[in-house]
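Q: Okay, here's the prediction I keep looking at, along with the sequence it came from:
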There are 2 protein chains.
Amino acid sequence: MEIIKPRTLSGFMELLPSKQIRFEKMMEILRDTYASYGFAPLDTPVIEDAQILLAKGGGETEKQIYRFTKGDSDLALRFDLTVPLAKYVALHYNELAFPFRRFQISKVYRGERAQRGRFREFYQADIDIIGDGKLDILNEAEIPAIIYKVFRGFGLTRFQIHVNNRKILNGFYTMLGLSEKSGDIMRTVDKLDKIGPEKVKLILLEDCGLTENQAEEILRFIAIKGTNAEVLAALEGYAGRNETFDVGLGELKAVCSNLSAFGVPEANFAVDLTIARGLDYYTGTVYETTLLDHPEIGSVCSGGRYDNLAGYYIEKQLPGVGISIGLTRLFYVLDEQGLLNPELPSAPADALVLPMTADPGPSIALAEELRSGGIRVQLYGEQKKFKQKMAYANKLEVPFAVLLGEDEIAEGMCSVKNMKTGEQVKLTPADAAEYIKTSLDAGNCAVILEK
Amino acid sequence: MEIIKPRTLSGFMELLPSKQIRFEKMMEILRDTYASYGFAPLDTPVIEDAQILLAKGGGETEKQIYRFTKGDSDLALRFDLTVPLAKYVALHYNELAFPFRRFQISKVYRGERAQRGRFREFYQADIDIIGDGKLDILNEAEIPAIIYKVFRGFGLTRFQIHVNNRKILNGFYTMLGLSEKSGDIMRTVDKLDKIGPEKVKLILLEDCGLTENQAEEILRFIAIKGTNAEVLAALEGYAGRNETFDVGLGELKAVCSNLSAFGVPEANFAVDLTIARGLDYYTGTVYETTLLDHPEIGSVCSGGRYDNLAGYYIEKQLPGVGISIGLTRLFYVLDEQGLLNPELPSAPADALVLPMTADPGPSIALAEELRSGGIRVQLYGEQKKFKQKMAYANKLEVPFAVLLGEDEIAEGMCSVKNMKTGEQVKLTPADAAEYIKTSLDAGNCAVILEK
């Protein structure tokens, strides 16, 4: 038979088992945390009608999208989870209860140029809360509070959720007589971290056509730093001059105060006047999340408040707030930076049961008993020498091997070997389950720890 | 703005939240059960190089596959999880430990003609055990034992796993001098349930060119029925005449005996000489699973033993055994037949916290405390009348509403209302968590129950 050289497409992540097990653990943390805040899981198709996916049309999206025909159908693979959500909410508007809260952890597709750390197929882990006509500001604090829980669940502590409000920015630019240029200005200010204040000023003057005075005012504004209380106090100095600004400031204060009520420490969220999110779509609170020790990575989790989710599909005003974690990229970066804790179990089983007799019956029964005690057990049925069996256990990195020979069977016991220490103890099956469980629990608190 | 009518493509399942929650519960049962037997999760790309996916080529697959180009690349969407597994094992052969045990629960794509209960995008939930050169017969009992656990986890009891062995069939046909026709004969016999023995005989005589005597022998063979012990005893009557037959019979006896050791009751597995699986791929034990009260559905979970997983991609003999659940179709059928238990929670939250004061702070704290007690809690922040809040709770079908007004805050209590009975009790937050949890646990043992 002619052999075809196997390969996986570039830009598509495919992990070896020990890493996939950690990735799955992160997905489990996401599912459990999102569900604990009353979000319903959603699972939309990967393939949609291309006309519907591209309703908004234009730009980078259209170039990157995987689009093809099958029979008479013009099809495309989803490039994010927001457009399918808009379609879903519009399609099922009469069957949903609003606010509608959903999470979706699914793969999306973008045919970007392949480069290190960029993926063409990647997971997004999104939550959104959609209102019908109205949506309370409380939701805008809950979203980052959930993200805080998720990141702590990942074992991270050195991260910060940056919060701003587009109304504050729009109001401020209106004060300067620059309301029509606010989009261009935000996109320029967004580059502050990358290009520095000098270049930002240059672009504001030359490309955006601002006066020296206007540019100075903006630089002074975005230079406001300090604790959240200090920044809010500085913003009070601009209050009373523009209604939109005042509304935005009120919202930002409510978000900060409620974030504290949700138990998010000050160290993990910061009012940051420089973030705006590139998309025109956002209308109020906006979020970005950075790893404090790796600012070069940029935001690993972003989102915000929008006023109209599904205007392309339904004549209803559906405001919402949402956030998205680029999970595949986050995992890649954490792995690359050594932030995936190597001490945590990455084996497919907690224990490998090794039958030492010809009849596998007693070993099958033992394995079943350990499983009913909550242990993940692989039964090793191959006819190999003992040394080869242990080599297999070592290659899998299972923490325990459980040996069952004639002696153990006669005594109603089994021999439990700790593969790391080499220590071996003879126990009843029930005690063995307890012993393994206790030992695992001691070292099994989080999937990732920071260095 | 022009409105585009939203729609979801036909043949693509998209569920409302209450059903999606049950579907997710089934996926959780699958993940947990597969993991408890030491299977590692695998997640391969949806898109692969078309040449690689179609290495085996030909037939229905080629017609149904979603294939397209992007730039210079000839791409296709996976149509099953076996071909990607073969690619993965060949590609990572040197990095994997054998036997390699993996599960994958993922969507696959087949552009079949859309019809009721047929899907173009559907989940498969597969497990496979791959050996390097050899693989012990014990694995061939473990696979159906796991499926038994999964189906019981789904809340089903009236199902039966049918087991046969291709070597028995091949050996038997060789005894009749029909070894070269065994493929045609198996495909014909496979239709027994649908067309009956008369028509099977007719095809055997006219299309396969068998003699009257050969056809009679075959019909007598496949008519062997009874308990597993009776069928095995009847098979003993054919022993000693063909080596392949004898090997197959030995394997079938080992599988039956080990299945009992795994705790699978006789009622849930049956030796069935009529099943062969259409694919030439299988070489030993084969499985099909039927719902006893719905034989018209056919097999909902099938698989078997194969001798060469990845011959198209690597010059290694990699035998294996695996099984696949067509999860989307199974869910559709269970739902349609009313086998999804309507009494089980399908709400996105266990409790809805309703703040009755202007300051949401105390309600935020209460919701967090209930969550830390293991309850899924939605905080309702909208400014609505009490009646509207209760209508929302009813629409979501949350089992409990938790009210927090000035009185409760002053007393350090909260009011827990059972939405079904209307009963309302005032409790401390810790007691409320316990009360809700106990009540949920009482009715939350399985996701699906049979009528």
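A: Structure's in. What do you need?
Q: Name the nearest residue to A:Glu121, sequence neighbours excluded.
A: A:Phe12 (4.9 Å; Cβ to Cβ, 6 or more residues apart in numbering or on different chains). Just so you know, the C-beta spots here come from the backbone N, C-alpha and C atoms, and that holds for glycine as well.
Q: Pull the number of nearby residues for the one you found.
A: A:Phe12 has 19 neighbours, counted by other Cβ atoms under 10 Å in any protein chain shown.
Q: any idea how far A:Lys107 is from it?
A: Using Cβ to Cβ, to the nearest Å, A:Phe12 is found at 10 Å from A:Lys107.
Q: which neighbours do these two share?
A: Overlap between the contact sets of A:Phe12 and A:Lys107, as judged by Cβ atoms under 8 Å, 6 or more residues apart in numbering or on different chains, is given by A:Glu121.
Q: Can you tell me which residues in the stretch 301-450 of chain A are near chain B?
A: A:310-315, A:348-349, A:352, A:360-361, A:364-365, A:368, A:371, A:375-379, A:381-383, A:392, A:395-396 (Cβ under 8 Å from any Cβ of the partner chain).
Q: If we use 7 Å, what do you get?
A: Contact residues (Cβ under 7 Å from any Cβ of the partner chain) of the stretch 301-450 of chain A with chain B: A:311-315, A:348-349, A:360-361, A:364-365, A:368, A:371, A:376-379, A:381-383, A:392, A:395-396.
Q: In the stretch 251-400 of chain A, what residue comes closest to chain B?
A: The nearest approach of the stretch 251-400 of chain A to chain B comes at A:Gln378, 2.8 Å away (Cβ to the nearest Cβ).
Q: And for the stretch 101-250 of chain A?
A: Closest contact between the stretch 101-250 of chain A and chain B, by Cβ to the nearest Cβ, is at A:Leu138 (3.2 Å).
Q: Measure how buried that residue is and give me the count.
A: With other Cβ under 10 Å as criterion, A:Leu138 counts 22.
Q: Likewise for A:Glu60?
A: The burial count assigned to A:Glu60 is 10, neighbours taken as other Cβ under 10 Å.
Q: For the stretch 51-200 of chain A, which segments count as helices?
A: A:59-64, A:82-91, A:138-153, A:166-175, A:182-189, A:192-206 (DSSP state H, counting those that start in this stretch).
Q: Packing partners of the fourth one?
A: Helices and strands in packing contact with helix A:166-175 are listed as helix A:182-189, helix A:243-261, strand A:282-291; criterion 3 or more Cβ pairs under 7 Å, 6 or more residues apart in numbering or on different chains; DSSP states H and E.
Q: Would you mind putting the helices of the stretch 51-200 of chain A into TSV with mean pLDDT and distance to B:Asp32 alongside?
A: Shown next, in TSV, are these (pLDDT from 0 to 100; distance: least, Cβ to Cβ, whole Å):
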stretch	mean pLDDT	distance to B:Asp32
helix A:59-64	80	37
helix A:82-91	97	28
helix A:138-153	97	19
helix A:166-175	95	43
helix A:182-189	87	46
helix A:192-206	91	43
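Q: circling back: local confidence estimate at the residue nearest to A:Glu121?
A: pLDDT, A:Phe12: 96.
Q: Can you check which of the helices of the stretch 51-200 of chain A gets nearest to B:Arg166?
A: With Cβ to Cβ as the measure, helix A:82-91 is the member of these nearest B:Arg166 (43.5 Å).
Q: so how far is that closest one from its chain's centroid?
A: 20 Å (Cα atoms, centre = their mean, to the nearest Å).
Q: sorry, back to before: let's see which of the residues of the stretch 301-450 of chain A next to chain B end up in strands.
A: A:Val377, A:Gln378, A:Leu379 (DSSP state E).
Q: which residues sit in contact with the residue of the stretch 101-250 of chain A closest to chain B?
A: Applying Cβ atoms under 7 Å, 6 or more residues apart in numbering or on different chains, we find A:Leu138 in contact with A:Asn258, B:Pro360, B:Gly381.
Q: any idea which of those residues is closest to B:Thr274?
A: Checking the contacts of A:Leu138 against B:Thr274 by Cβ to Cβ gives B:Gly381 as the nearest, at 60.5 Å.
Q: residues contacting that closest one?
A: If you count contacts by Cβ under 7 Å, 6+ apart, B:Gly381 has them with A:Asp136, A:Leu138, A:Asn139, B:Pro360.
Q: Taking these together, which two end up most distant?
A: Spanning the widest gap among these are A:Asn139 and B:Pro360, at 10.6 Å by Cβ to Cβ.
Q: surely A:Tyr306 meets A:Asp280?
A: No: here A:Tyr306 does not reach A:Asp280: they are 9.8 Å apart, not a contact under Cβ atoms under 7 Å.
Q: Wait, A:Arg120 touches A:Val108, no?
A: No: with contact defined as Cβ under 7 Å, A:Arg120 does not count as touching A:Val108 (9.7 Å).
Q: Looking at these two, which one has more neighbours?
A: Per other Cβ under 10 Å, whichever of A:Arg120 and A:Val108 has more neighbours is A:Val108, with 24 against 21.
Q: what's near enough to touch the more buried one?
A: A:Arg78, A:Phe79, A:Asp80, A:Leu81, A:Phe122, A:Gln124.
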